[in-house]
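Structure, please.
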Amino acid sequence: MGKDMHKGGSQEHSSNTIDLLVTKRMYPMFSATGKIFFKRSSRTELSDKEAEEIINRLNLKTGEDCRRVRKIVREQLSQQRTNKPIRLWVKEERPREMLFRYGPSSLSPSKLLAILLRTGIEGTSAEELARNILNQFKSLRGIDSAPLKELCLIQGVGEAKAAQIKAALELGKRLYREKAEKKRKITNVQDVILYVSEYYAPYLRDAKKEFFNVILLDSRNKPIDHIEISRGSITASVVDPKEIIKEATMKSASAIILVHNHPSGEPDPSQDDINITNQIARACNLVGIKVLDHIIIGKNNDDFVSLLDKGLM
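Sure thing, here's the model as predicted:
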């Protein structure tokens with residue numbers, strides 16, 4: 001009876017260890033040099049001591065032992081799966097096929113994101129992983145403003161998937177910049193705001209720091225270049241009119257537009273914003289360069305304030 005109890009206890013111990021491997025999505029592997037190690041589908045860290053304990057509990061000694069345990073882990077994970085992998089869905093429901101049939105605009109954000117991700121992880125389809133990402137960051141803008149390292153913290157999102165997502169979002173922002181760059185002329189406040197909303201807003205709406213930029217224009221008020229003057233807190237000591245005049249003169253600019261963002265999200269100009277604007281305008285006027293406007297970018301799509309429109313310059 002003692003032996004039977006010991007055997008039963010050993011089996012239970014082994015079963016608990018298998019459960020641990022399933023939970024952490026870990027697989028024992030046998031290297032060419034005869035060493036046993038663990039491949040992980042999650043970001044679970046495993047110390048050498050913990051790995052040795054698992055090897056001893058499961059009595060892993062050979063490559064065949066490792067294959068046997070891997071098979072058990074895969075089977076149990078398969079039983080836990082609540083979502084079929086996308087390749088097993090009916091064609092009409094697969095994101096890629098839907099995009100070809102109905103066009104990209106008909107797809108939900110999670111389906112578009114699933115196409116980028118291509119694959120999920122065991123127990124989670126690419127679309128379910130996409131939903132997890134959207135739920136974590138609340139929106140595409142949230143994903144865009146999240147650091148790469150933060151994206152990689154989501155189970156199933158490694159460096160490759162995080163890079164794919166960031167690259168796609170960057171292409172979208174550059175598409176807006178292409179639209180802005182095609183404008184031939186800026187003639188009024190509405191033109192200025194539209195230009196800034198397309199060229200700068202996708203980058204600066206969610207920025208954690210203040211960025212002060214200058215748009216250089218030729219004699220026909222066509223943008224010819226963009227200069228970043230400073231990043232951080234905007235003060236008179238940081239934004240030097242001489243630096244702006246130097247850049248404008250080098251590019252033969254006849255006029256400039258000032259642009260900066262408020263990380264607080266509120267676009268209303270501060271007294272410092274007004275003082276700096278007028279200081280720059282006076283300095284530029286001395287050398288024949290016009291300051292056409294100063295646009296402040298806030299958080300929301302319509303949060304743009306023109307100091308010219310407000311009568312503050």
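
So for the chain, the centremost residue is which one?
D144 (3.5 Å; CA atoms, centre = their mean).

Let me see the contact set for that one.
Applying CB atoms under 8 Å, 6 or more residues apart in numbering, we find D144 in contact with 166, 169, 173, 202, 206. In short, each C-beta sits where N, CA and C put it, glycine included.

now the residues you listed in a markdown table, with neighbour count, secondary structure and pLDDT?
Putting the contacts of D144 into a markdown table (neighbours: other CB atoms under 10 Å; DSSP: H, G, I helix; E, B strand; the rest coil; pLDDT from 0 to 100) gives the following:
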| residue | neighbour count | secondary structure | pLDDT |
| --- | --- | --- | --- |
| K166 | 16 | helix | 96 |
| L169 | 17 | helix | 96 |
| K173 | 14 | helix | 93 |
| P202 | 19 | helix | 93 |
| D206 | 16 | coil | 91 |
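
Could you export stretch 127-138 as CSV, CA atoms only?
Only the C-alpha atoms of stretch 127-138 are listed here, as CSV (Å, rounded to 0.1, in the frame of the first residue of the first chain):
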residue,chain,number,x,y,z
GLU,A,127,-8.1,38.7,-34.0
GLU,A,128,-8.5,37.9,-30.3
LEU,A,129,-4.9,39.2,-29.7
ALA,A,130,-5.8,42.3,-31.7
ARG,A,131,-8.8,42.9,-29.4
ASN,A,132,-6.6,42.4,-26.3
ILE,A,133,-4.3,45.1,-27.6
LEU,A,134,-7.1,47.5,-28.4
ASN,A,135,-8.7,46.9,-25.0
GLN,A,136,-5.4,47.5,-23.3
PHE,A,137,-4.7,50.9,-25.1
LYS,A,138,-8.4,51.8,-25.7
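
model confidence over that stretch, on average?
The pLDDT scores in stretch 127-138 average 93.

how about that stretch: buried residues?
127-134, 137 (16 or more other CB atoms under 10 Å).

Then stretch 68-80?
69-70, 73, 77.

mind listing the helices for the stretch 201-313 of the chain?
201-204, 241-250, 271-286 (DSSP state H, counting those that start in this stretch).

Pick the most buried one from these.
helix 201-204 (a mean of 20; mean count of other CB atoms under 10 Å).

Quickly find the element holding P28.
strand 26-30 (DSSP states H and E).

tell me the mean pLDDT over the next helix or strand after that strand?
Sequence order places strand 36-40 as the next helix or strand after strand 26-30, per DSSP H and E. Mean pLDDT, computed over strand 36-40, is 86.

What helices and strands are in contact with strand 36-40?
strand 26-30, helix 48-57 (3 or more CB pairs under 8 Å, 6 or more residues apart in numbering; DSSP states H and E).

buried ones in that strand?
36, 38.

Now do it and helix 48-57, the angle between them.
Orientation check (axes from the mean of the first three to the mean of the last three CA atoms, to 10 degrees): strand 36-40 against helix 48-57 gives 110 degrees.

Could you list everything the residue lying closest to I256 once chain neighbours are set aside pairs with in the sheet?
Closest residue in space to I256, ignoring its immediate chain neighbours: V214 at 5.2 Å, by CB to CB, 6 or more residues apart in numbering. Beta-bridge partners for V214, by DSSP bridges, are I227, L258.

what's the pLDDT at V214?
For V214, the model assigns a pLDDT of 97.

Check the buried residues of stretch 68-80 against V305 and report the nearest one.
Of all the buried residues of stretch 68-80, L77 has the smallest distance to V305: 54.0 Å, by CB to CB.

my guess is the closest one contacts R25, does it?
Yes. In this structure, L77 is within contact of R25 by CB atoms under 8 Å, at 7.0 Å.

Throw the helices of the stretch 201-313 of the chain into TSV and include distance to R94, thanks.
Shown next, in TSV, are the helices of the stretch 201-313 of the chain (distance: least, CB to CB, whole Å):
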stretch	distance to R94
helix 201-204	30
helix 241-250	51
helix 271-286	51
